[in-house]
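Visitor: okay, here's the prediction I keep looking at, along with the sequence it came from:
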Amino acid sequence: MPTITRPHHMGIQVADLERSLAFYRDILGFEVVFQWNPQAEYIRTIVGYPDADIHAAVLRMPADTGVFLEILEYRNVEKTPVDTRTANPGTAHLAFFTDDCDALYEELVAKGVRSVNPPVTPTIGPNTGGRAVYMIDPDGIRVEFITSKQAFDGTPNE
């Protein structure tokens, strides 16, 4: 079987590109690498919308992890808002380490960002004893911030 070698980017679909840029760039501090309106048949083919007018931005995450966030607004296609609560199949969340979950939470709330909950202390797993919170982006996508006392290697330590 061929090998997956490294991450490239994660992409999210949004209702309003400029509103999402205001969140990810202006509030979270992501850097816009480029913004475009790609007009290429292969893009419309790969996403499955032959008539789509896609407006997109690619952002570099803070601390330059080498993984990018792509924000896509599809225009000229029928769209249906989804229930983005995390228990619903087909939804996803983004997760980022932070050096101070509580301070980041307070700063984001002061800027009007909604949250699912205030920060909590994980009691099991790789983030035991750290802090974690789910914030909510303008489209309802959950953005998790984690402060961990140990490096995450994907192995639970219950």
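Guide: Alright, I've got the coordinates.

Visitor: and the helices in this protein?
Guide: Remark: helices assigned in the chain by DSSP state H are 17-21, 41-47, 101-110.

Visitor: just the CA trace of the first one, in CSV.
Guide: Just to be clear, that refers to helix 17-21. Extracted C-alpha coordinates of helix 17-21, given in CSV (Å, rounded to 0.1, in the frame of the first residue of the first chain):
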residue,chain,number,x,y,z
LEU,A,17,-15.1,34.1,3.3
GLU,A,18,-14.5,37.6,4.6
ARG,A,19,-16.3,36.9,7.9
SER,A,20,-14.2,33.8,8.4
LEU,A,21,-11.0,35.6,7.5
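
Visitor: pLDDT wise, what is the most centrally placed residue in the chain at?
Guide: Closest residue to the average C-alpha location of the chain: L94 at 3.9 Å, with C-alpha atoms, centre = their mean. Model confidence at L94, expressed as pLDDT, equals 93.

Visitor: hang on, R85 packs against T91?
Guide: Yes - using C-beta atoms under 8 Å, R85 is in contact with T91, at 7.0 Å. Where C-beta positions appear, they are placed from N, C-alpha and C, glycine not excepted.

Visitor: looking at those two, which one has more neighbours?
Guide: Taking neighbours as other C-beta atoms under 10 Å, R85 and T91 compare with T91 leading, 14 against 11.

Visitor: what sits closest to that one if chain neighbours are left out?
Guide: What sits nearest to T91 in space, not counting adjacent residues and going by C-beta to C-beta, 6 or more residues apart in numbering, is T84, at 5.3 Å.

Visitor: find me the pLDDT at A87, would you?
Guide: For A87, the pLDDT comes out at 88.

Visitor: how about P38?
Guide: Model confidence at P38, given as pLDDT, is 85.

Visitor: from L72, how far out is it?
Guide: Going from P38 to L72 by C-beta to C-beta, to the nearest Å gives 10 Å.

Visitor: much appreciated, bye for now.
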